[in-house]
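Novice: return atomic coordinates for the entry below.
(4 chains, ligands or ions: 6)
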Amino acid sequence: MADLNINLGGLALKNPVMTASGTFGYGFEFEDFVDLSRIGGIIVKGTTIRHREGNPYPRMAETPSGMLNAVGLQNKGVDYFINKIYPDLEKVNTNVIVNVSGSTIDDYVETAEKLAYLSHIPAIELNISCPNVKQGGMAFGTCAGSAEEVVKAVRKAYPKHMMVKLSPNVTDIAEIARAVEFAGADSVSLINTLLGMAVDAKTRKPVLSTVTGGLSGPCVKPVALRMVWQTAKAVNIPVVGLGGIMNATDAIEFFLAGASAIQIGTANFIDPTITMKVIDGINEYLDENGFGSIKDIIGALEIAD
Amino acid sequence: MADLNINLGGLALKNPVMTASGTFGYGFEFEDFVDLSRIGGIIVKGTTIRHREGNPYPRMAETPSGMLNAVGLQNKGVDYFINKIYPDLEKVNTNVIVNVSGSTIDDYVETAEKLAYLSHIPAIELNISCPNVKQGGMAFGTCAGSAEEVVKAVRKAYPKHMMVKLSPNVTDIAEIARAVEFAGADSVSLINTLLGMAVDAKTRKPVLSTVTGGLSGPCVKPVALRMVWQTAKAVNIPVVGLGGIMNATDAIEFFLAGASAIQIGTANFIDPTITMKVIDGINEYLDENGFGSIKDIIGALEIAD
Amino acid sequence: MKKYMHDLVITANEKLNNQYFLLKLTLNSTLPDMLPGQFAEVLIDDSPTTFLRRPISINYVDKQKNELWLLVQKVGDGTIKMAEYPIGKTLNLVYPLGNSFSNLLPNKKNVLLIGGGVGIAPMLMLGADLKEKGFEPVFLLGARSEKDLLELTDFTQYGQVFTTTEDGSHGEKGYVTQHSILTKQKFDKIYTCGPTPMMKAVASYATKNGIECEASLENMMACGIGACLCCVEDTKDGHKCVCTEGPVFNIKDLKWQI
Amino acid sequence: MKKYMHDLVITANEKLNNQYFLLKLTLNSTLPDMLPGQFAEVLIDDSPTTFLRRPISINYVDKQKNELWLLVQKVGDGTIKMAEYPIGKTLNLVYPLGNSFSNLLPNKKNVLLIGGGVGIAPMLMLGADLKEKGFEPVFLLGARSEKDLLELTDFTQYGQVFTTTEDGSHGEKGYVTQHSILTKQKFDKIYTCGPTPMMKAVASYATKNGIECEASLENMMACGIGACLCCVEDTKDGHKCVCTEGPVFNIKDLKWQI
Ligand SMILES: Cc1cc2nc3c(=O)[nH]c(=O)nc-3n(C[C@H](O)[C@H](O)[C@H](O)COP(=O)(O)OP(=O)(O)OC[C@H]3O[C@@H](n4cnc5c(N)ncnc54)[C@H](O)[C@@H]3O)c2cc1C
Ligand SMILES: Cc1cc2nc3c(=O)[nH]c(=O)nc-3n(C[C@H](O)[C@H](O)[C@H](O)COP(=O)(O)OP(=O)(O)OC[C@H]3O[C@@H](n4cnc5c(N)ncnc54)[C@H](O)[C@@H]3O)c2cc1C
Ligand SMILES: Cc1cc2nc3c(=O)[nH]c(=O)nc-3n(C[C@H](O)[C@H](O)[C@H](O)COP(=O)(O)O)c2cc1C
Ligand SMILES: Cc1cc2nc3c(=O)[nH]c(=O)nc-3n(C[C@H](O)[C@H](O)[C@H](O)COP(=O)(O)O)c2cc1C
Ligand code: FES
Ligand code: FES
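Specialist: Ligands and ions are numbered 1, 2, ... in the order given. The predicted structure is shown next:
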């Protein structure tokens, strides 16, 4: 039984396996399948200052080894979250992290301020990378200057752990990561979805109501691994890796590339028990390979010179 | 039998199906499987001013619905091409297009100048997007300014059709496409490979000798379709679409999104006869849906407002 | 209602016609409780083209035999693969999912179950359940032609069956909403499942005649358990998840233009 | 040599032990000519984890029966899937690919064929070919233990067979390069295929003793026909494609540190 504890920039995780925002609901949806308290961290749905209906239907398209979504941050707003959902989340015995989205810097700041008061929410994940709404923050996340600006503003308003979720739809993700680190992020998580599109040749229409949507699943894993590797070399804060993780081996690949923790997204749809399997599988890998702690493999990729 | 002819910015194609550089050799490799003269255009290997050995082995990794390559522009240089390979290509009865790569602007210009003399080469494809060599041109293709500069320089030296191949590893591909159009490109082709990475959890080493490599195959199709759609809206020159096309339906999706022609890459490895099947399939689609010409479906995607 | 992920074993795979097949599955322990209208998310393993699970309605549960039935129409790669599954093969299901048709109140006992196409699937389980509870369900089933009318002998066990076919090869010629039973008999409640145009026609008939009506909707789903928010229907109360707040909706809550 | 893409039909799939199986395939017309050392690129259809074809050596061609043999080791998803293929299933092959072992000159007739692990696969076809051409091939086959020594009865049809096993359960104990035949008999030519460390040891022995030696290399391949340049071996003459300029190389052209 290897040591799976991780100190993620001050945030203590019992193990490095978290769930990705928008793919695990508020956790309760999975209670019949997993023991929530065994998960290292649950990142709940993208939350905005006000109620959002999200995009019209259809919002989903299946693609080779992946899927596109165009949910568009449907949620009932931060106040509803605090009053109606948070009380139940208080009973969940693990890190519950709220993914915060916004259209303006003020939106982000105001939402983060409200969440700062919740004692059982030790961290937020600042989503500056949602590709699915016109003002979903992706514009913030695709330019170092604006990324820095929004992170700085939220930093002033939010004293606890601030993870910043980066967009892969950029030329140089390391540059954005550095800007975000400079602005006061405690960690970065990547990748959010790649901007993609699906066309129905039969109807000659886009499959998604929004034409483009966010690509996730195993198809994006090579890109995610590359970006995690580039980012881990570029910053001193911990990197949380995600994108296409379907099993423990995939997770190990992210640790080797430099991730201090990982998130599981789309895989939850295919196998709702997957988080438990990945935690067990990581432990087995460490045991079989003689590592006493997960820390031993973080960034341990051997690069020939 | 629908009309498959395309006038691609002055370049006459008997049909809109081409083969992607680096995936079809010089064409001869496929002679046992296809009738080369039936293909709309053959884009041969990345050619550089001097002989290049390419990257060390291993150069390939399989990924979910795709592959990574790190060939690194291995080729014998433009003079060898002109003296030893071109004479045989003269006998091939279709458009033979040379993919031109370089490390410096001078390299590009010099290579293009030499190719301009070859009567049976009606066009070049300027590769400003190879992710697999340090000076492979991807740096040119990831910034509008440098893309414009190299295209302008080659434009002066090369009077025939100049297709410019764009990198998908950018924040805003439409911006690069506009810069390249402004600099005198006759068409743009996209996408080149997405920069990715593969890790071997067993050996804890990267799979590729170069750590990162170029991702291709069906996994990239959603991203490619999105970029073709964005680019076709942004420029007035024709767009050549590629990335993950495995069959005629995939090709149709690219036409609908705005591509005037398509290229087939990785699919040639899975089925060496695929070009013939795609040409036949496009024709069937047009016939079945009552379109007299391929031109009827280019950019014909119906977007609800 | 508790949800499970189970490996079930195929005990029969009956080809009903060129398009439809009936899978019977069993579990090595007692099958969990399921309600009429609920569905399962089926994993199509080892298929490069079907990454996500496929939602399929619970067609029937044979408690004696500990068997779960799925009635499936071949429309794409996933269902075509399932059609070839041999007896003995294991099928991974996440189930039972979704709400269910609401209970019939004792004062609404004239009940009509209208199914069209593969939408007859949940109607069998619903009919059996109503019959067991002492109601006398009446079925109205529609199809293109006689050979597309499935499980008729099963349906007749639970109530009177009326049919329409588009070509007139069985029952009355035309669409379900044109069947004479609708003018001859008065119903208090209609449950329906089928192609959207059919359900809209039924909804329109029900609304005009002041009959309460519930419809089971289809939608593209990624998770089936309310986590992804991909499967929404636009209702009068905003976007609702078809997989958890549906698939059964009271038509008065929908924004259908009827 | 002309290459083909053909659908072949499986006539036998023999499990040789836990790791190895032998596929026999036939074609509805006469199989094309193939040379010893060549290989086929096999399509693993309908598998989400095997996107590319898998290169497998031609193990043997039974011209009478119009049968092509592939000797395969289970190492990953693709080969594990192939191991389960039933008789009658169709397998899509692109073949025959690559160069071949060079012809034996009449003045080099003392020839030794050294195979290790699944590397014995091309040796059977090569031995049969040499025998047919009037030579007397000698085989030296190495494996972990007796149960891993495959097709021994086939090999003995074409020449004398010596074996080594790491546990001494068959033949001499140790590695092929430690076998006493190498000191007892003088050879003019060695052909080898097997794990790289074994081939390097063979190459080292051959070089020291001035024996001409050809080795068949393995490599990760995407296309198998010289189009992608993924499969290079670094030779004294620069990068060469294992799929077209190999898989067989004269060891004097390689840059092996031996
Ligand atoms: C709650 C629910 C219950 C269902 N019950 C049944 C049932 O009992 N029997 C049955 O045969 N089918 C049922 N369906 C429909 C079934 O899910 C789809 O036919 C199936 O997913 C198609 O998979 P495929 O791989 O064969 O086709 P694909 O190749 O994925 O798609 C073929 C066509 O079907 C459409 N389609 C794909 N997935 C869905 C989906 N989830 N919902 C609606 N359309 C889809 C696609 O847009 C496409 O036009 C149900 C759907 C839902 C949402
Ligand atoms: C010219 C040639 C001839 C071959 N002949 C035979 C043969 O006759 N019988 C036989 O059993 N095998 C042969 N091989 C090896 C065979 O191609 C691989 O074992 C097979 O591709 C593995 O596929 P998989 O999906 O089972 O394993 P994967 O899951 O793809 O891989 C499992 C392991 O095998 C390695 N591997 C995968 N593909 C290759 C490859 N192309 N070359 C080398 N290693 C690979 C991987 O790195 C990994 O470690 C040959 C290879 C070459 C290049
Ligand atoms: C249906 C769906 C909804 C998502 N919603 C959000 C969201 O609200 N906020 C966010 O930061 N990321 C969201 N994501 C992105 C995921 O958190 C994750 O970054 C992405 O899916 C890549 O990981 P994966 O390949 O493991 O799914 C969503 C993804 C999916 C598939
Ligand atoms: C093995 C390999 C080699 C390639 N070499 C080149 C090259 O030399 N020049 C170039 O512009 N693109 C090169 N590419 C990129 C392809 O031309 C194409 O842009 C990419 O593979 C996406 O298309 P696909 O998904 O259809 O393969 C190469 C791709 C592969 C897989
Ligand atoms: S399918 Fe995921 S919420 Fe309904
Ligand atoms: S595998 Fe493509 S060149 Fe050898």
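
Novice: A:Ala61 touches A:Ala198, doesn't it?
Specialist: Yes: taking contact to mean Cβ atoms under 8 Å, the distance of 3.9 Å between A:Ala61 and A:Ala198 places them in contact. C-beta coordinates here come from the backbone N, C-alpha and C atoms, glycine included.

Novice: shared neighbours of the two, anything?
Specialist: Common contacts of A:Ala61 and A:Ala198, defined by Cβ atoms under 8 Å, 6 or more residues apart in numbering or on different chains, comprise A:Leu68, A:Val207, A:Leu208, A:Gly213.

Novice: am I right that the third one is in a helix?
Specialist: Looking back up the chat, that one is A:Leu208. No: the assignment for A:Leu208 is coil, going by DSSP: H, G, I helix; E, B strand; the rest coil, so no helix is present there.

Novice: which non-adjacent residue is nearest it?
Specialist: Of all residues not flanking A:Leu208 in the chain, A:Ala70 sits nearest, at 4.5 Å (Cβ to Cβ, 6 or more residues apart in numbering or on different chains).

Novice: how far away is that neighbour from B:Gly25?
Specialist: When Cβ to Cβ, to the nearest Å is the yardstick, A:Ala70 and B:Gly25 sit 40 Å from each other.

Novice: which one's more surrounded, those two?
Specialist: For A:Ala70 versus B:Gly25, the count of surrounding residues by other Cβ atoms under 10 Å in any protein chain shown is larger for A:Ala70: 27 against 21.

Novice: and of the shared contacts of A:Ala61 and A:Ala198, the nearest to D:Glu212?
Specialist: Top of the list for closeness to D:Glu212, among the shared contacts of A:Ala61 and A:Ala198 and by Cβ to Cβ, is A:Leu68 at 58.1 Å.

Novice: what's near enough to touch C:Ser169?
Specialist: With Cβ under 8 Å, 6+ apart as the criterion, the residues that contact C:Ser169 are C:Ser145, C:Glu146, C:Lys147.

Novice: now the last one, what's its secondary structure?
Specialist: Using three-state DSSP, the structure places C:Lys147 in helix.

Novice: these two touch, right, it and C:Asn17?
Specialist: Yes: taking contacts as Cβ under 8 Å, C:Lys147 lies within contact range of C:Asn17: 5.2 Å.

Novice: more crowded one of those two?
Specialist: Between C:Lys147 and C:Asn17, counting by other Cβ under 10 Å, C:Lys147 is the more crowded of the two (15 against 11).

Novice: tell me where the chain has helices.
Specialist: As the question left the chain open, I've gone with chain A. Along chain A, the segments classed as helices by DSSP state H run A:78-80, A:86-89, A:105-116, A:138-141, A:144-157, A:173-182, A:221-234, A:248-257, A:267-270, A:274-288.

Novice: nope, chain C
Specialist: With DSSP H, the ranges of helices along chain C come out as C:77-83, C:121-132, C:152-156, C:181-184, C:196-208.

Novice: pull out the buried positions in the fourth one.
Specialist: If I follow you right, that is helix C:181-184. C:Ile181, C:Leu182 (16 or more other Cβ atoms under 10 Å in any protein chain shown).

Novice: quick one: contacts of that helix?
Specialist: With Cβ under 8 Å, 6+ apart as the criterion, helix C:181-184 contacts C:Leu112, C:Val138, C:Leu140, C:Phe162, C:Tyr205.

Novice: quick one: contacts for the residue of the stretch 101-250 of chain C found nearest ligand 3?
Specialist: Taking Cβ to the nearest ligand atom as the measure, the point where the stretch 101-250 of chain C comes nearest ligand 3 is C:Cys228, at 3.9 Å. Counting by Cβ under 8 Å, 6+ apart, C:Cys228 touches A:Gly22, A:Thr23, A:Met60, A:Asn69, A:Val71, A:Phe269, C:Ala222.

Novice: could you report the pLDDT at A:Gly137?
Specialist: The predicted structure scores A:Gly137 at 56 on the pLDDT scale.

Novice: I figured A:Gly258 was touching A:Thr231, is that so?
Specialist: Yes: counting by Cβ under 8 Å, A:Gly258 sits close enough to A:Thr231 to count as a contact (7.4 Å).

Novice: between the two, who's got more neighbours?
Specialist: A:Thr231 (28 against 22).

Novice: what residues are shared contacts of A:Gly258 and A:Thr231?
Specialist: In terms of Cβ under 8 Å, 6+ apart, A:Gly258 and A:Thr231 are both contacted by the residues A:Val239.

Novice: how about the residues of chain C that lie near ligand 1?
Specialist: Counting by Cβ under 6 Å from any ligand atom, the residues of chain C close to ligand 1 are C:39, C:50, C:54-57, C:71-73, C:75-79, C:118, C:121, C:218-221, C:247.

Novice: ok, now which ones touch the residue nearest the centre of chain C?
Specialist: Central residue of chain C (Cα atoms, centre = their mean): C:Pro122, 2.7 Å from the mean position. The neighbourhood of C:Pro122, defined by Cβ under 8 Å, 6+ apart, consists of C:Pro36, C:Gly37, C:Phe39, C:Ser57, C:Ile58, C:Asn59, C:Phe101, C:Gly115, C:Cys193, C:Ser216.
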